[in-house]
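Visitor: here is my input; please provide its structure:
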Amino acid sequence: MSAPDHNTRQRSGPWPPEPDTRATLPSYWAKRTGFKPKFSGETNASDSGQMTLQPKQREAQASPGLEAGQVRSSPAVNGEAGGEKVKPSPHKEHRVRFQEPDVASKRSVPSTNMQAPVTPAKKSSRPRSSRRHEQMIDVLPQVADDNGLASRRPRMKYELRDSPGLVPIGLYGMQHFVSMLGSLIVIPLVIVPAMGGTQGDASAVISTVLFMSGVTTLLHTTFGSRLPLVQGPSFVYLAPALAIINSPEFQGLNENKFKHIMKELQGAVIIGSAFQFLFGYTGLMSLLARLISPVVVCSTISAVGLSFFSYGFPVLGKCLEIGVVQIIAVIVFSLHLRKISVLGHRVFLIFAVPLGLAITWATAFLLTEAGAYSYKGCDISIPASNMVSDHCRNHVTRMKHCRVDTYHALKSSPWFRFPYPLQWGTPVFHWKVAVVMCVVSLVSSADSVGTYHASSLLVASKPPTPGVLSRGIGLEGLSSLLAGLWGTGTGFTTLTENVHTIAATKMGSRRAVELGAFFLIVLSLVGKVGGLIASIPEVMVAALLCFMCAMVTALGLSNLRYSEAGSSRNVIIIGLSLVLSLSIPAYFEQYGISPNSNLSVPSYFQPYIGASHGPFRSRYGGLNYVGNTVLSQHMVIAFVVAVVLDNTVPGSKRERGVYDWTDAEAARSEPSVAKDYGLPFRVGKVFRGVKWVGL
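Guide: Coordinates of the predicted model:
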C-alpha cells in the first residue's frame, strides 16, 4: 500500500500537527465566537474549574485548535518567538487535571519583566508517518474517554483528499458501504409490506434504493458539499411515508394497492424535493442555517430516532428467539468486542450490524429449513381471515414473522435488473401530501447541517462555507427528486449514521466513498441480491430498526459536545423539545378514538394515522389532513420547539455553541479549503459570482 503524499498538501498552518500533551483548548469556531471553555471536552459547562496541565508541563502553554489541530505559540517578545512546540508525551492518550480558574488564567498572560512566558522545549524528532498512524480511539471529535477525562481529536488514516491507491481505496470504499448496509435496506423493508407489496416488489425497491444511493452519492461528492457522505433513504422520511401509506383513502384498497400508494409517494417526494432544491440553490438555506445550532440539531435528530419506538419491540416480540438474538449479537459486537482488531481493523465495531444480521439470518434460515415454522396444512400465502383451521390461524403470525423463504424470493428475482425511472407508473400529485413532504424536507435540511459540521471536523481542513452548505442542501433536493422519479418510496438525504462510520473506520477519503458507490451500483444490477435481502423476516427488520434508531438518537445527542451541555438553558430546551415531540403526537393519535373502536391498522402503525381522526376538523379536508399529519410527526414538533426556544431564550454564542462556518473570502485565499470544497471540471468558475452556492 502506498502512503499518501502529505508534503504536497496545502493546509493552513503546520501539517501534520505536532503531537500535543496538553488539553485541547478553544476550537476554530470558538475563536470566532469568543468561546472560552471552563474545560475541554464534551461538557463545557462544568463548575469544576478550568483545565490545567500536569506539574511537569506547567511551564509550557500553547493552544491547539479543535478542528485544525494546530498549535499556536505564545506571543513574541522583543522580536523573538515566545516558545516552541512541547515535546510529546510517550503516552498515546493524555489526561488532564483540574485547577482553580485564576491559576490557569495567570499562566496565559505574558510576563511583566519582558521575558517569554513559555520555556522552550526540544522539537519532536518522531517521523510524520509514525505520528499520523499512531493508535486512535473509536470516538467522534473532541470527546471524553472512559474515565470522563478529555481525549485528543482522533486522527484519520486517510483524510478528504488522500488517495492511497486503487486497491486500498476500493477495499475501504466497500467496507464503508457494507458497514452502512442496515441504514440502506431497513426503510424499504418496512414500507413495502406496509403498502401490501410482495417479496418481488420488495426486491425491486431494494435494488432501486441501492442503485440510487450509489448514483446520488457520486453526485454529492462531486457537485455537492464534496464531503465523503453517503446519500440514502433517511429515517426523517420514514414517519411521513407511513402516515401517507395509512391514510384513510388507502385503507379500502385491495388490488394494485402497492403501485397506487407508491405513485402517491413518488408525487409527494418529487414536490418536496423540488422545494428543497430551490431552497438550497437560491441561498435561503444560508438564512435558515443562522437559526440552527447544535441544540436544535440535537433535539431534531434525537426525535427522529425516538419516533419509531412503537414499531420496534412490538413486532420483534412476535418471534423472540430470532429478534432477541439479533439485538444481543449487535450489542456484543458494537460494545463488548469493539476494541478487538483483526489485521489492524476493528472488524466487530465497523461491521456490527452486518455481522449480527448475517448470524441471525443464518439461524432463522436453518430453523425454517428444519421445519420449526412449518405447520401441517397451513400456507403462509393464504390470509388469516380465509383460513378454515383454527390451528393454522393461531400459528400464522409466527409463520409470517419467523420464516426465511429464500427460495421464493430468489426464484421471483431476475439475475439482471436495471432500475429505470417511472417503473411503477406515472406519479400522482396531490397538494396535501406534497405540503407534508415540503415541511419534512426542512427538517431533513436541519439534520444535514449537523452532519456536515461533524464530518468536516473529522476529514477536512476547515468547516464548509455557507455557500457550500447551501449547495449541498440543493443537491440533496436533486437526489430526492431522482429517488422520487425512480420510485424508492422515500426521500434521500445525507445519512446521519455516516458520521459514526467515518469515525469508526478512520477513512475519510472522498475517492474511497466514490469507488464504494460504483461498487454499490454494480451490486444493485444483480437482481438476486435484492431478492435475497427481501427474504429477511419482518422480526429481523424490527430488531434492525431498534438498533439503527438507537444509533440515530445517540448521534443526535452527541451534538451537545459543540455547546455547553451542562447549561440549564440548553437542558430545559432539549428536554422540552423531546418530551413534547412524544406527547403532542400521542394526543393527535388518541384524539377522537373511542376505547372500544376497532382500528383497521396494526397497533404499531397507530402513531401514523393521526390524519384520519386528529383535532383539526374544518370544512376543508385537505387542510385537515395537512394539519393533523404534520403535527403528529415527532421530528417536526421537536424542530419547531427547539428553533423557537433556542432563538428567543437569551444565551450567548458560547452557550448555544453556534456553528461557525468558514468565511467565504478566507476560503478563497486558502488553497487547502479551495481544494476541499471547490467544484471540479471548472464548474466552480460558473458559480464564482454566485456567492450563496460557491466558496
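Visitor: which residues touch M156?
Guide: L458, V459, I502, K506, M507, G508 (Cβ atoms under 8 Å, 6 or more residues apart in numbering). Heads up, the C-betas are built off the backbone N, CA and C, glycines and all.
Visitor: in this structure the fourth one contacts K157, no?
Guide: Yes - at 4.3 Å, K506 counts as touching K157 under the criterion of Cβ atoms under 8 Å.
Visitor: was I right about V297 contacting G450?
Guide: Yes - with contact defined as Cβ under 8 Å, V297 reaches G450; the gap is 3.5 Å.
Visitor: more crowded one of these two?
Guide: Using other Cβ atoms under 10 Å as the criterion, V297 and G450 rank with V297 on top: 30 against 26.
Visitor: three-state assignment of the more buried one?
Guide: helix (DSSP: H, G, I helix; E, B strand; the rest coil).
Visitor: so how far is A289 from it?
Guide: V297 sits 11 Å away from A289, going by Cβ to Cβ, to the nearest Å.
Visitor: so what sits against both of those two?
Guide: Common neighbours of V297 and A289 (Cβ under 8 Å, 6+ apart) are V449.
Visitor: buried set for stretch 430-444?
Guide: 430, 432-444 (16 or more other Cβ atoms under 10 Å).
Visitor: immediately after the longest helix seen in the chain, which helix or strand?
Guide: The single longest helix within the chain, with elements called by DSSP state H, is helix 431-459. Downstream of helix 431-459, the first helix or strand assigned by DSSP states H and E is helix 466-486.
Visitor: tell me the angle of that following helix relative to helix 431-459?
Guide: 130 degrees (axes from the mean of the first three to the mean of the last three Cα atoms, to 10 degrees).
Visitor: packing partners for helix 466-486?
Guide: helix 199-223, strand 231-233, helix 257-281, helix 284-289, helix 431-459, strand 492-494 (3 or more Cβ pairs under 8 Å, 6 or more residues apart in numbering; DSSP states H and E).
Visitor: and it with helix 199-223, angle?
Guide: Using the same axes, to 10 degrees: helix 466-486 against helix 199-223 is 150 degrees.
Visitor: what angle separates helix 466-486 from helix 257-281?
Guide: 160 degrees.
Visitor: average model confidence for helix 466-486?
Guide: Average pLDDT, helix 466-486: 95.
Visitor: check stretch 270-282 too.
Guide: 95.
Visitor: and if you look at stretch 231-245?
Guide: 92.
Visitor: start and end of that stretch, how far apart?
Guide: One end of stretch 231-245 sits 23 Å from the other (Cα to Cα, to the nearest Å).
Visitor: now swap in stretch 326-345 and tell me
Guide: 23 Å.
Visitor: what's the closest of the buried residues of stretch 430-444 to Q276?
Guide: Closest to Q276 out of the buried residues of stretch 430-444 is S441 (4.0 Å), distances taken as Cβ to Cβ.
Visitor: show the contacting residues for the closest one.
Guide: Contacts of S441 by Cβ under 8 Å, 6+ apart are G272, S273, F275, Q276, F279, G477, S480, G491.
Visitor: which residue, other than its chain neighbours, is closest to it?
Guide: Q276 (4.0 Å; Cβ to Cβ, 6 or more residues apart in numbering).
Visitor: surely the one you found and L475 touch.
Guide: No - the criterion here is Cβ under 8 Å, and Q276 misses it with L475 at 9.7 Å.
Visitor: looking at these two, which is more packed in?
Guide: Q276 (29 against 26).
Visitor: report the buried residues of stretch 649-656.
Guide: Buried residues in stretch 649-656, defined by neighbour count with 16+ other Cβ under 10 Å: G651, K653, R654, E655, R656.
Visitor: same check, this time on stretch 688-695
Guide: So for stretch 688-695, counting by 16+ other Cβ under 10 Å, buried means K691, W692, V693, G694, L695.
Visitor: again with stretch 561-570
Guide: Neighbour-count burial for stretch 561-570 [16+ other Cβ under 10 Å]: R561, Y562, S563, E564, A565, S567, R569, N570.
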